[in-house]
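# Need coordinates for the following:
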Amino acid sequence: MDSRAEIRTKPGVAADRNRSGLDFRAVLNEEQYRAVSEGDGPCLVLAGAGSGKTRTVVYRVAYLIGRGVRPDEILLLTFTNKAAGEMMGRIGELLSGRGEVAGLWGGTFHSVANRLLRQYADRLGFGSNFTILDQEDAKAMVKTCIRELVLDSKESRFPSPAVVQSIASYAKNAMVSVSSVLERRYPDFAHLERDIVGVLETYDRKKRNSNAMDFDDLLLHLYFLLSDEADVLRSVSSRFRYVLVDEYQDTNALQDSIVRMIAGVHGNVLAVGDDAQSIYSFRAANVRNILDFSTHFPGARQFRLETNYRSSPEILDLANDVISRNVDQFPKRLRAVRSGSSLPRVVSAPSASAEANFIAGKIQELIADASVDPHEIAVLFRATHHSQILEFELMKRGLEYEYRGGLRFFERAHVKDILAFLRLAHNFTDESAWRRVLSFQQGIGEVTSDRIFAAALASGSLAQILLTPTIESVVGKRAAVGWRDLHKTLDGLVSADGRPADMIRALLDSPYVGYLNAEYPNARERLEDLGQLASFADGYDSTVDFLTEVALNDALYTGGAASSARSKRNGRRIVLSTIHQSKGLEWDTVFVLHLTGSGFPNQRAFAEPGGLEEERRLFYVAVTRAKQRLFLCYPRRAGFDGGIEYPSMFITEADRSCLDLPDEDSDGGSGSVHLSADSDYDDETVELDESGEIRAVRSRLASWKKGSFLRDV
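You can find the predicted model right below:
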């Protein structure tokens, strides 16, 4: 519930006050009040989206302190410093002037682990003054380990320090072996298991010798401390009479184990969360922790917060309908406090460009009518590459936006890499482009880079340098593998027919892909970005036109004093965000972009246990970010090949009464797909140019409805 909202004392109900002096019944609804006042013993608070989760936790702490529980007997665990700061601040405001908050243990899992480890570091062989390595320091140490073990071979790429760190992090937090992580998440490096384990063992020795821990070690060493030192476990578990955990659906195996140990003596653990918003399995979060809470804590009571203070009834009807299709969950139904608005609108566009044009135009319309402030508008998407065409359209229209979940599309390193290759194909004397593409080749340092660039200028053309046999002597033995890979990449570039899209696709079938896989933990997502870049480039026959438009539009948006002044003047920009980054936030108007069958749910989800249900939870999170207006958009032609698309199953499975569906000829263009009310789509209308494609769409929709299509993809 919004902290600004107030619920007055109901007539005939006596006020409930304790030593805190707060009237809890006056400021909490009945659901929240029960969780706050009856939360002793193991309790699970199932807090639906927008139901006042933070408010409930804050008032529960205030209630306990008002009842005589000492603040230092309470442990409040959160996932982010922002959440911890907000909760501690609000608790302080509620109890201001009494000094009763001093001593309260509140913070992230990692910050609390740090405090406990400082007290007992000697039990683990560390000094209490141990150093916490930041990500860059940790990466540098892993890099040293790889070099010392002579694993940075020039014959084949060894995973980068960032990838090795990612492997270790997932293994620690999920409490599984490195072998298991490689098999499930990094199969390309499974054959290097022994070497990777060797690096990690060397890394651990170096940290211990340096009296240092990395971020993940804080939780792992706390787990070891509590598991191996019985007297420490008794002391810690006895100290904290009440343990409160925020966002329990986001806990991983390590965090869940720590909570269970700390709550072992008193058993007063209040876990607050929403299984319907468990969307971080890629970070090792495990929805089973909240689903199995009653198994881990026998006799646990359940409280449900289902009164939603954020969204309109129409939006909640869709959210309730969508999530009801998940089997592995705690069923609940959100109820709206807000007044009604329009139905969530499904927007079917002929192409990805038309989809971007609609969204940008609608945003302009809403802002121009002064009906919505720009900062109350958000566009959400499943994957970062889905936003690229929209970003370009917003730039053209001068609509400023804040990008969350990463860098803007054309600022991303891998996109800049590809553009550098295209710049070389267009202008082989481009020194900065040469420097960039040489910088990530194996064994090629600054000196060798200077030599290659000089040889390139002397050769007279990009094609000619590939035919110059003396280049091998210029490169030298150490950089031979790097030059071989670059030679092969440039050869494919030259062999392409000159269209930018064809050159980008040639690069996606080159040794550059091996570099991405070895260098970045999220290489798969980066390749999807580049596939989208190729699709976008299909609209250009000339490389120079493509490069010019990208450069000018990007500079227009991000560069120069004029842009800086405009940003300061406007200040309140629309938001573009991945759905993962949007969790916990809300906007008046939300657009969900690229809701195609191949884009959302992510196709990889069908190969992973529980994957489809997590994708549906992700869609649920997107829907419940909206307060008043919700637009669900999809293009009928999209993808890297501009192929036929179909609406996401999350649209087609929804009850039609929950949606404002497009009319058959709503946009007047060919290619429209109208799905009838019939469950088997017998009379869907498909207007396409090629009869073969018509048959394919009919077949795909019908077989998908029967549950077979997505398994066959």
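
# Other residues contacting the top strand by length along the chain?
Scanning the chain for the strand with the most residues, using DSSP state E, yields strand 626-635. Here strand 626-635 makes contact (Cβ atoms under 8 Å, 6 or more residues apart in numbering) with 310-312, 315, 318, 338, 341-342, 344-352, 354-355, 358-359, 362, 372, 586-596, 623, 645, 647-648, 651, 659. In this view, the C-beta of every residue, glycine as well, is placed from N, C-alpha and C.

# Could you rerun that using 7 Å?
310-312, 315, 341-342, 344-349, 351-352, 354-355, 358-359, 586-596, 623, 645, 647-648, 651 (Cβ atoms under 7 Å, 6 or more residues apart in numbering).

# quick one: strands adjacent to it?
Strand 626-635 sits in its sheet next to strand 345-349 (parallel), strand 587-592 (parallel), going by DSSP bridges.

# Buried only: go through the contacts of strand 626-635 for me.
310-312, 315, 341, 344-349, 351-352, 354-355, 358-359, 586-596, 623, 645, 647-648, 651 (16 or more other Cβ atoms under 10 Å).

# R25 reaches R34, doesn't it?
No. Counting by Cβ atoms under 7 Å, R25 sits too far from R34 to count as a contact (10.8 Å).

# and S128, that one's in a helix?
No. According to DSSP: H, G, I helix; E, B strand; the rest coil, S128 belongs to no helix; its state is coil.

# show me where the stretch 451-600 of the chain has strands.
574-578, 587-592 (DSSP state E, counting those that start in this stretch).

# Tabulate these (CSV), appending distance to A425 and mean pLDDT.
Formatted as CSV, these follow (distance: least, Cβ to Cβ, whole Å; pLDDT from 0 to 100):
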stretch, distance to A425, mean pLDDT
strand 574-578, 30, 94
strand 587-592, 36, 96
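
# Show me the one of those that comes nearest R205.
R205 sits nearest to strand 574-578 of all the strands of the stretch 451-600 of the chain, at 37.5 Å, using Cβ to Cβ.

# For that closest one, output the C-alpha coordinates as PDB.
What follows is strand 574-578, C-alpha atoms only, in PDB (Å, rounded to 0.1, in the frame of the first residue of the first chain):
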ATOM      1  CA  ILE A 574       9.600   8.300 -19.900                       C
ATOM      2  CA  VAL A 575      11.100   5.000 -18.800                       C
ATOM      3  CA  LEU A 576      12.300   2.100 -21.000                       C
ATOM      4  CA  SER A 577      13.000  -0.900 -18.800                       C
ATOM      5  CA  THR A 578      13.400  -4.700 -18.900                       C
END
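
# got the angle for that strand vs strand 587-592?
Angle of strand 574-578 versus strand 587-592, following axes from the mean of the first three to the mean of the last three Cα atoms, to 10 degrees, is 50 degrees.

# since we're on D292, how many residues are nearby?
A total of 12 residues lie near D292 under the criterion other Cβ atoms under 10 Å.

# For S177, see how far away it is.
Using Cβ to Cβ, to the nearest Å, D292 is found at 22 Å from S177.

# how about CSV for the strands of the stretch 451-600 of the chain, with distance to F189 added?
Below are the strands of the stretch 451-600 of the chain laid out as CSV (distance: least, Cβ to Cβ, whole Å):
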stretch, distance to F189
strand 574-578, 26
strand 587-592, 35
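
# ok so, going back, settle it for me: which of R25 and R34 has more neighbours?
A count of neighbours by other Cβ under 10 Å puts R25 above the other of R25 and R34, at 20 against 17.

# which secondary structure element contains the more buried one?
Under the criterion of DSSP states H and E, R25 resides in helix 24-27.

# Which strands and helices lie in contact with that helix?
helix 30-37 (3 or more Cβ pairs under 7 Å, 6 or more residues apart in numbering; DSSP states H and E).

# Which stretches in the stretch 551-700 of the chain count as helices?
Under the criterion DSSP state H, counting those that start in this stretch, the stretch 551-700 of the chain contains helices at 560-570, 579-582, 611-623, 649-652, 691-705.

# Assess the claim that Y248 and V269 are in contact.
No. The pair Y248 / V269 is not scored as a contact, 9.6 Å apart, by Cβ under 7 Å.

# where are the low-confidence patches of the stretch 101-250 of the chain?
151-156 (pLDDT under 70).

# can you check the chain too?
Ranges of the chain meeting pLDDT under 70: 1-20, 97-100, 151-156, 467-477, 497, 552-571, 639-642, 663-713.

# What ranges does the stretch 1-150 of the chain have for its helices?
Going by DSSP H, counting those that start in this stretch, the stretch 1-150 of the chain shows helices at 24-27, 30-37, 53-66, 81-94, 109-120, 135-148.

# Which strands and helices lie in contact with the third one?
Counting contacts by 3+ Cβ pairs under 7 Å, 6+ apart, the secondary-structure elements packed against helix 53-66 are helix 30-37, strand 43-47, strand 74-78, helix 81-94, strand 242-245, strand 269-273.

# how about 10 Å then?
When contacts are defined as 3 or more Cβ pairs under 10 Å, 6 or more residues apart in numbering; DSSP states H and E, helix 53-66 packs onto helix 24-27, helix 30-37, strand 43-47, strand 74-78, helix 81-94, strand 242-245, strand 269-273, strand 301-305.

# from the chain's centre, how far out does the first one sit?
For helix 24-27, the distance between its averaged C-alpha position and the chain's averaged C-alpha position is 36 Å (Cα atoms, centre = their mean, to the nearest Å).

# and what of the second one?
On the basis of Cα atoms, centre = their mean, helix 30-37 is displaced by 32 Å from the centre of the chain it belongs to.

# CA atoms only for that helix, dumped as CSV, please.
Output of helix 30-37 as CSV, limited to C-alpha atoms (Å, rounded to 0.1, in the frame of the first residue of the first chain):
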residue,chain,number,x,y,z
GLU,A,30,-7.6,-5.9,8.2
GLU,A,31,-5.2,-8.1,6.2
GLN,A,32,-2.2,-6.1,7.1
TYR,A,33,-3.3,-5.7,10.7
ARG,A,34,-3.6,-9.5,11.2
ALA,A,35,-0.1,-10.0,9.9
VAL,A,36,1.3,-7.3,12.0
SER,A,37,-0.4,-8.3,15.3
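
# I appreciate the help and will end here.
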